[in-house]
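Colleague: Starting from these lines, generate the structure:
(chains A and B)
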Amino acid sequence: MNATMLELYHWEPNGFYLKPLIALEEKGATFTSRWFDPTTFEQTVDGFPSSVESRLTLEREGPLLVADGEVISSTFFMLEYIAESVPGPALMPEAAYDRYRARAWGQFLGLSLGATTSALGCARHLAPELARQDAAALRGKIERIEPLERRSAWLAVVDGTYDEAALTALRQRLSLPIGRLESALAKGPWLAGSAYSIADIDAYALVDPLRDLAPEVVDDERTPHLKDWLGRIAARPAVRAARARSRSGQPEQAFVPGVESARWG
Amino acid sequence: MLRLYHWEPNANSGKPMLALAEKGVPYESHYLDLLKFDQHQAAYLAINPDGTIPAMVHGDLVLTESTPMMEYVDEAFDGPPLKPRSPADRWRMRWWMRFFDAYFGPSLSMIGWSVFVGPAARQRDPEELRAAIDRIPLEARRIAWRKAVFNEFSAEELDESRRRVVWATGILEKHLATHEWIAGSTFSLGDINGFNLGYALPLSQPAVCNDQKTPRIMEWLRRIYERPATRQTWSKGRTPMASRVAMLERSAPAAQ
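Modeller: Below is the predicted model of the structure:
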């Protein structure tokens, strides 16, 4: 019944790349995995799948799902696309209000943690990795990137934008989304109703790296419900299968620039 | 019973207003004056502790995020469907709504707040204003209000917002060259979202958005303006902000 040919362009199973891998595994879908390394910028050269939307996507270097010639970008909406079009277990809640909650989480976390988790991960892992590359060659590759915002996001990783003060400010921004997640999970086992859904997949991929990147915010004592929820998701066979696609053996270190922080403050 | 707490038919408030009108769903309207900080009063904070508008109350259910709220309106009520049938078109609708909400909208509203909301709010006593801003629950909203009210946007910030508005307008014009509506061949929530963002573009950005430079955007805005639901929704406006929509009349003189 899986009539649509699915090709997923992704990197290591972490952050934005992890989300569609989990959803496709949950669906038991047949898909072609197209692994690429965004730190070599192969996603910015001719021949890589591309569309107006994929070039402008606010998540910048995220995964692309090519389905019947359509280039699907922006990971929460990619999860909705998978939930709606791929046969298999339902990943979207049944009730309209629960669906609202899933989408409201997707929007809120996509814009908050989508920016913060990526920036913290880039500062910790990507910056030293890029520092090992030839500086002039790297600059040359970055200078060719369009649009400007996407280029600026890479420049921020190499030009020292993420100093201690910036990182402290980023960590402070975590308390609102993490506080909301913890109190939601104190009330129920999953984020959008009584069943596991794409809201949980989406949030898991953005929160799990924070155990390592911001242990003072996501920690067993302060966020016990979050810890329990992370554990339940990590134990799912689909999540294990998605993680097992790692080539480096250290997917938790794989970060690229994500969503821009809100410009108003 | 359905209650909607909203400001003018404009931006986020106008999204559920227009979606409900398109569906033909009656609702109890609660108008909040954004410039008087009605949305930060205790009575409203009891409904939405974040103090943002709009908010929708459907029985016991409370909804406060305007774009997911529109999808709820489409799914929970009878009436003409406002989402395309194919998953790919629905994906495109959502992609563009995020582009409007998180990229185009904030840049446009930074300019709008600097020229409209800030000066209007500054008519009030500064001390009273400061106290009103201190009561705003969300830090990000407090910062935004302080910047708008006390005119603290830097020249660089405003220049960058103007650059983004020009650029995003060009992207939208190109998109409409190959798509009749935002999602494809059918009118959808994407158009409702985009109209709320862009209905006044020809007036606020006359050098960028006009019949010569962006004929497709102009035609798209006019087609939405001509829908009965749009007329009905914009007639609920109480300020000159909403009446700007009249410039989309086909007989209206072009903006200077």
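Colleague: Show me where the stretch 51-200 of chain B has its strands.
Modeller: According to DSSP state E, counting those that start in this stretch, the stretch 51-200 of chain B carries its strands in the segments B:55-58, B:61-63.
Colleague: what's the most buried one of those strands?
Modeller: strand B:55-58 (a mean of 22; mean count of other Cβ atoms under 10 Å in any protein chain shown). No exception for glycine: its C-beta is placed from N, CA and C like everyone else's.
Colleague: Within its sheet, name the partner strands of that one and how each one runs.
Modeller: Take DSSP bridges as the rule and strand B:55-58 pairs in its sheet with strand B:2-6 (antiparallel), strand B:61-63 (antiparallel).
Colleague: ok, back up a step: in JSON lines, list the strands of the stretch 51-200 of chain B along with mean pLDDT and distance to A:Glu164.
Modeller: Converted to JSON lines, the strands of the stretch 51-200 of chain B look like this (pLDDT from 0 to 100; distance: least, Cβ to Cβ, whole Å):
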{"stretch": "strand B:55-58", "mean pLDDT": "98", "distance to A:Glu164": "39"}
{"stretch": "strand B:61-63", "mean pLDDT": "98", "distance to A:Glu164": "40"}
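Colleague: Compare those strands and give me the one nearest A:Asp220.
Modeller: In terms of Cβ to Cβ, the element of these nearest to A:Asp220 is strand B:61-63, at 31.6 Å.
Colleague: now what about the closest one, what contacts it?
Modeller: A:97, A:100, A:104, B:47-48, B:55-57, B:69, B:72 (Cβ atoms under 8 Å, 6 or more residues apart in numbering or on different chains).
Colleague: Enumerate every residue touching A:Gly88.
Modeller: A:26-29.
Colleague: Switch the residues you listed over to a markdown table; also include secondary structure.
Modeller: Shown next, in a markdown table, are the contacts of A:Gly88 (DSSP: H, G, I helix; E, B strand; the rest coil):
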| residue | secondary structure |
| --- | --- |
| A:Glu26 | helix |
| A:Lys27 | helix |
| A:Gly28 | coil |
| A:Ala29 | coil |
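Colleague: Most neighbours of all these, which one?
Modeller: Scoring the contacts of A:Gly88 on neighbours with other Cβ atoms under 10 Å in any protein chain shown, the highest-scoring entry is A:Glu26 at 24 neighbours.
Colleague: Please look at that one and A:Pro87 and confirm they touch.
Modeller: No: counting by Cβ atoms under 8 Å, A:Glu26 stays clear of A:Pro87, with 11.8 Å between them.
Colleague: how about the helices in the stretch 51-200 of chain B?
Modeller: Secondary structure of the stretch 51-200 of chain B by DSSP state H, counting those that start in this stretch: the helices cover B:66-76, B:87-99, B:105-112, B:118-121, B:126-134, B:139-149, B:155-178, B:189-198.
Colleague: and of those helices, who's closest to A:Glu216?
Modeller: helix B:139-149 (18.9 Å).
Colleague: so what does that closest one touch, helix or strand wise?
Modeller: The contact analysis (3 or more Cβ pairs under 8 Å, 6 or more residues apart in numbering or on different chains; DSSP states H and E) places helix B:139-149 against helix B:118-121, helix B:126-134.
Colleague: okay, the ones you listed, which one's buried deepest?
Modeller: Of these, helix B:118-121 is the most buried (mean count of other Cβ under 10 Å), at a mean of 17.
Colleague: can you tell me the average pLDDT over that helix?
Modeller: What helix B:118-121 shows for mean pLDDT is 85.
Colleague: Kindly report the same for stretch A:24-36.
Modeller: pLDDT averaged over stretch A:24-36 gives 97.
Colleague: Need the per-residue pLDDT for the residue of the stretch 51-200 of chain B found nearest chain A.
Modeller: Relative to chain A, the nearest point of the stretch 51-200 of chain B is B:Ile143 (3.0 Å; Cβ to the nearest Cβ). pLDDT recorded at B:Ile143 is 89.
Colleague: Tell me who's in contact with B:Trp91.
Modeller: Per Cβ under 8 Å, 6+ apart, neighbours of B:Trp91: A:70, A:72, A:77-78, A:80-81.
Colleague: Quick check: phi and psi on the closest residue to it other than its chain neighbours?
Modeller: Nearest non-adjacent residue to B:Trp91, counting by Cβ to Cβ, 6 or more residues apart in numbering or on different chains: A:Tyr81, 4.6 Å away. For A:Tyr81, the backbone dihedrals are phi -60, psi -50 (criterion: degrees, to the nearest 10).
Colleague: can you tell me which helix in chain A is longest?
Modeller: helix A:96-121 (DSSP state H).
Colleague: Could you list the buried residues of that one?
Modeller: The neighbour-count criterion (16 or more other Cβ atoms under 10 Å in any protein chain shown) identifies A:96-121 as the buried residues of helix A:96-121.
Colleague: Between helix B:66-76 and it, find me the angle.
Modeller: 150 degrees (axes from the mean of the first three to the mean of the last three Cα atoms, to 10 degrees).
Colleague: Which positions within whichever helix or strand comes after helix A:96-121 qualify as buried?
Modeller: Next along the chain after helix A:96-121, taking DSSP states H and E as the criterion, comes helix A:127-131. Burial within helix A:127-131, assessed by neighbour count using 16+ other Cβ under 10 Å, is assigned to A:127, A:130.
Colleague: Contacts for helix A:127-131, please.
Modeller: Here helix A:127-131 has contacts from A:39, A:138, A:157-158, A:162, using Cβ under 8 Å, 6+ apart.
Colleague: Could you say which of the residues you listed is surrounded by the most neighbours?
Modeller: In terms of neighbours by other Cβ under 10 Å, those top out with A:Val157 at 21 neighbours.
Colleague: before we move on, which element is that one in?
Modeller: Short version, using DSSP H and E: A:Val157 is in helix A:148-158.
Colleague: Give the buried residues for the next helix or strand after that helix.
Modeller: As assigned by DSSP H and E, the chain's next helix or strand after helix A:148-158 is helix A:164-172. Neighbour counts over helix A:164-172 (16+ other Cβ under 10 Å) mark A:167, A:170-171 as buried.
Colleague: One more: stretch A:51-67?
Modeller: A:51, A:53-67.
Colleague: same question, stretch B:200-218
Modeller: So stretch B:200-218, judged by 16+ other Cβ under 10 Å, has buried residues B:200-202, B:204-205, B:208-210, B:214, B:216-218.
Colleague: just stretch A:222-237 next, same as before
Modeller: So, applying 16+ other Cβ under 10 Å, buried residues of stretch A:222-237: A:223, A:225-227, A:229-230, A:233, A:236.
Colleague: Using TSV, lay out those residues together with secondary structure.
Modeller: Output for those, formatted as TSV (three-state DSSP):
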residue	secondary structure
A:Thr223	coil
A:His225	helix
A:Leu226	helix
A:Lys227	helix
A:Trp229	helix
A:Leu230	helix
A:Ile233	helix
A:Arg236	coil
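Colleague: now for the residues you listed, which pair is the farthest apart?
Modeller: A:Thr223 and A:Arg236 (19.8 Å).
Colleague: Please see if the helix or strand bottoming out on mean pLDDT in chain B touches chain A.
Modeller: When each helix and strand of chain B is scored by mean pLDDT, DSSP states H and E, helix B:118-121 comes last, with a mean of 85. No: if you take Cβ under 8 Å from any Cβ of the partner chain as the test, helix B:118-121 misses chain A, and the best it gets is 13.0 Å.
Colleague: and that helix, what does it pack onto?
Modeller: Using 3+ Cβ pairs under 8 Å, 6+ apart, helix B:118-121 sits against helix B:139-149.
Colleague: Residues contacting the helix it packs on, please?
Modeller: With Cβ under 8 Å, 6+ apart as the criterion, helix B:139-149 contacts A:176, A:262, A:264-265, B:50-52, B:113-114, B:117-118, B:121-122, B:129, B:133-134, B:136, B:152-153.
Colleague: from the buried residues of helix A:96-121, which are also near chain B?
Modeller: A:96-97, A:99-100, A:103-104, A:106-108, A:110-111.
Colleague: pLDDT for the residues you listed - can I get that in CSV?
Modeller: Formatted as CSV, these follow (pLDDT from 0 to 100):
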residue, pLDDT
A:Ala96, 98
A:Tyr97, 98
A:Arg99, 98
A:Tyr100, 98
A:Arg103, 98
A:Ala104, 98
A:Gly106, 98
A:Gln107, 97
A:Phe108, 97
A:Gly110, 97
A:Leu111, 95
